[in-house]
Structure formats: structure tokens, C-alpha cells
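Student: sequence and predicted structure are below.
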Amino acid sequence: MRFATTWPEGTICRRCYQRAARIHGTCDGCGRHRLLPGLLDGTPCCVDCAGIPKDFHCTRCGREDEPVRIGLCAHCCLTDDLTALLSDSTGQISPAVMPIFAALTQQTHARSARTWLTVNPHATGLLRDLAHGVAPLEHATFIDHPEPAKVAFLRELCIEHGLLEPVHLDIERFQTWLAAKIAGTEPADARLITQYARWVHLNRLQRLAATDALKKGSFLSAKQSTTVSLEFLQHVRAAGLSPTTCTQACVDEWLATGPTTRTLARGFVRWAIAHNHLPHLTFPYRVAKTEPVISQQQRLDHIARLLDPPQQSRCRRARGRAAVPPLRPATRPHRRHATRPDPRPRHRPLCHFHPRPPQHPGTVCRDHP
């Protein structure tokens, strides 16, 4: 184990040192807001109150933080790294990428930005090319990049700061995903799925985007529906049929022999029937089999009313106790092997009473005067 330093508490390893040197807050000892790397009665405190013989102030900006390089904090190191990356031969940063430079250097978590630049050479290289004019600052540069996913965050950053025109990335991702999804599929099925995805899902995504109502769930739902629709066509082909010769038995077999997510192909089937790509078939709508339940608070309120003698008669209390559902649903009882011993300890009761045989609620009501 590598040790970072020695403080009054003892020898500190590198991981504990980094964790302690990144805590900021109000010191209980002096009441000032500053770095709290020490401990005072188990509570984080500043270096003065803890007696730590180290100065954490940056020698350039004066910020009290964990030093990354000798005497420099993470923000100053990030500024130096980006200046060396983006500046030209004259030492000036191109105005085209100055908003990106300002956004990265002025953020709160400078360590995260340094980590992103270190572990992502694709983003670092593209950022350098944009600053030096090697690559044009346009959407096609990011779309045609060999690793578009690696530079996606840089593209979103350029859109956020006005360097690129606003574009809905989820719509673009759906189009890219669709082209890759239908690759290698039966040409007729690929053409049919493309028409359905464009006229239904892509049209809906664009309408939602126009009203700023496009969410990530809409994008994921469109992908799942398209995937299930393609699987349905593959099932039809496996049965030796085509979309125009599909039968009701083929649809019934598709629904009966798979998971419930297969019902997501209903939208595609109805669209294909309406546009004469499929014969008139019945694709039932799935209704979830759910049972109405009450919340825990409602259950506790019912029990409290039933246990209050002045408010309820004996007959009503008996019927209510039988009607209140248990903690565990009756459809999922607790299962335990018959020969397995009970691991829970047996506690003796705190009071002694004479047990009475259980009575049916109707008997209690009938015997009640």
C-alpha cells in the first residue's frame, strides 16, 4: 500500500488522502467555509483546527483544494492542459472554440473534465482539430467520425454553447440505429419496416420534438416497437409465408409462444393492414391482469379504526379484521421447505394468556347480542 502523507491522526494512504482533501464545508471549530481534510471529535474540520502541517491553497489562484500538480489545483491544471491543446503557434486560442474552453475551465468539477480528456483520446484529438481548423465545426464532422459515440458529449457541448445548430440527437440516433438494424434483413421486410418506422415512429418523434416534449422514453419505445415488428416479420418468413399471405393462425402462434412484449407488434400489424401490406387479421390488444390494492397507509388507517372499540361494533370489527389484507399478497404466500428448520429464533411471549380457538366472523356476528 502506498502512503501519501502523515497527519496527526497517523499515516494516510493515497485513497484516504484524496477523499479527505476533497471535502468542502463549514468547519465546526472556526465556523469558516473551507477545505475540511482533518477530524475534530470525529467531525471534519479545517487544517488549522486539526493541526495538519500542510497548506492546500493553490499558488496561482488561491483556491483551497487538493493539489494535482506541485502547488496547483485541478482548475489551474485543466486551464494549462486546454491552453496547450487548443492554442496555435502564437499561443492564442481560436475564437471558434473559445466557448468550449470557457465552459470546461469554469465548471465546478475540474477533475472530471481532466479525466474525460485523459481517457478519451478521440475527443481530445477532435477538439485539437477543431481548434486548428483541420476539421470543420459542423454536424457532419461528428456524424462521420470513426467513433461517433466517443465524441457525442463534445457535440452536445458545442450545441449547448451555440457553436452548432440545435438538433435533436435522439431522432438522429434513431435513424442511425434503424439503418444498422435492417442491414442483412430480407429486402422486402427491410423496406416495409423502414416505411413503418419513418411514417409512424419518426413522424411522432419529430412532432414531440417540435413541442419540446421529446423524452428519452419515446426514443426507447420506438426502438423496441420496431425491433418486435421486425421479429414478427421474421416469424412470418420462418412459417413459410410472406406478409401478404400471413394467416390468423400465424398471428395466434406468435402471441401464444412468446413473451408479452410480442404484443408491441400490434401497431405495426394495424398499420400494415391499413396500407394493404397484410391481409385483414385480428391482433388483440393486451390487457394487463392487475388487481386493485390499497397502500400501506390506507391499510394502517383501516386497522386503527378496527382496533378502536368506541367507534366500531364487535360485529363490524370482526368482519373488518377478516377483510383487511395481510402484509404479503395471498397470491404469493411465503414458501418454506417442509423439512427445513426455521432459522428464526423463538421468543417467549412477554405475557401469559389462554388461547381461544379461532372463530369465523359470521359466528361472532351471530352470537353478538
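Tutor: Sure, I can see it.
Student: wait, a helix at Arg34?
Tutor: No - Arg34 is assigned strand when assessed by DSSP: H, G, I helix; E, B strand; the rest coil, not a helix.
Student: quick one: the strands in the stretch 1-150 of the chain?
Tutor: Remark: strands assigned in the stretch 1-150 of the chain by DSSP state E, counting those that start in this stretch are 3-7, 10-13, 24-26, 33-35, 38-40, 43-45.
Student: how about these in TSV, adding distance to Leu164, mean pLDDT and mean neighbour count?
Tutor: The C-beta positions use only the backbone N, C-alpha and C, and glycine is treated the same way. TSV is the format used below for the strands of the stretch 1-150 of the chain (distance: least, Cβ to Cβ, whole Å; pLDDT from 0 to 100; neighbours: other Cβ atoms under 10 Å):
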stretch	distance to Leu164	mean pLDDT	mean neighbour count
strand 3-7	43	67	14
strand 10-13	45	77	13
strand 24-26	35	90	13
strand 33-35	38	90	17
strand 38-40	46	83	18
strand 43-45	43	88	19
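Student: what's the closest of those to Ala304?
Tutor: strand 43-45 (41.1 Å; Cβ to Cβ).
Student: which neighbours in the sheet does the closest one have, and how are they oriented?
Tutor: In the sheet, strand 43-45 lines up against strand 38-40 (antiparallel) (DSSP bridges).
Student: what about Phe56, how many residues nearby?
Tutor: Other residues lying near Phe56 total 17 when counted by other Cβ atoms under 10 Å.
Student: closest to Pro284 out of the strands of the stretch 1-150 of the chain?
Tutor: strand 24-26 (59.4 Å).
Student: possible to save the strands of the stretch 1-150 of the chain as JSON lines with distance to Leu163?
Tutor: Formatted as JSON lines, the strands of the stretch 1-150 of the chain follow (distance: least, Cβ to Cβ, whole Å):
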{"stretch": "strand 3-7", "distance to Leu163": "40"}
{"stretch": "strand 10-13", "distance to Leu163": "43"}
{"stretch": "strand 24-26", "distance to Leu163": "32"}
{"stretch": "strand 33-35", "distance to Leu163": "35"}
{"stretch": "strand 38-40", "distance to Leu163": "44"}
{"stretch": "strand 43-45", "distance to Leu163": "41"}
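Student: of these, which approaches His201 most closely?
Tutor: strand 24-26 (46.6 Å).
Student: list the contacts of the closest one.
Tutor: 32-36, 44 (Cβ atoms under 8 Å, 6 or more residues apart in numbering).
Student: which one of these is nearest Asn203?
Tutor: His33 (53.0 Å).
Student: the residue lying closest to the closest one once chain neighbours are set aside and Tyr17, how far apart?
Tutor: Once flanking residues are discounted, His33 sits nearest to Thr26: 5.1 Å by Cβ to Cβ, 6 or more residues apart in numbering. According to Cβ to Cβ, to the nearest Å, Thr26 and Tyr17 sit 22 Å apart.
Student: next up, the contacts around the nearest residue to Ser87 once chain neighbours are set aside.
Tutor: Distances taken as Cβ to Cβ, 6+ apart place Ile93 nearest to Ser87, at 5.3 Å, with adjacent residues excluded. Shown in contact with Ile93 (Cβ under 8 Å, 6+ apart): 83, 86-87, 101, 131.
Student: export those to CSV and tack on pLDDT?
Tutor: Shown next, in CSV, are the contacts of Ile93 (pLDDT from 0 to 100):
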residue, pLDDT
Thr83, 91
Leu86, 90
Ser87, 88
Phe101, 91
Ala131, 90
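Student: if any of those are buried, put those into a ChimeraX selection.
Tutor: The ChimeraX selection below is limited to those of the contacts of Ile93 classed as buried (16 or more other Cβ atoms under 10 Å):
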select :86,101,131
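Student: closest one to Ile294 out of the contacts of Ile93, please.
Tutor: Phe101 (57.4 Å).
Student: where's the closest one relative to Gln206, distance?
Tutor: 34 Å.
Student: helices - which of the contacts of Ile93 land there?
Tutor: 83, 86, 101, 131 (DSSP state H).
Student: need the max-distance pair from those.
Tutor: Thr83 and Ala131 (10.6 Å).
Student: okay, now the unreliable bits of the chain?
Tutor: Along the chain, segments meeting pLDDT under 70 span 1-4, 7-9, 288-292, 309-369.
Student: quick test: name the residue nearest the centre of it.
Tutor: Lys216 (10.2 Å; Cα atoms, centre = their mean).
Student: which non-adjacent residue is nearest that one?
Tutor: Nearest to Lys216 is Asp170, by Cβ to Cβ, 6+ apart, at 6.9 Å.
Student: distance of His109 from Ala123?
Tutor: For His109, the distance to Ala123 - Cβ to Cβ - is 16 Å.
Student: neighbour count: the two, which is higher?
Tutor: Per other Cβ under 10 Å, whichever of His109 and Ala123 has more neighbours is Ala123, with 20 against 11.
Student: isn't that one right up against Pro148?
Tutor: No - in this structure, Ala123 is not within contact of Pro148 by Cβ atoms under 8 Å, at 11.2 Å.
Student: need the contact list for the residue nearest to Lys216.
Tutor: 205, 214, 216, 218-219.
Student: report the two of the residues you listed separated the most.
Tutor: Largest pairwise distance in these, by Cβ to Cβ, is 11.3 Å, between Leu205 and Lys216.
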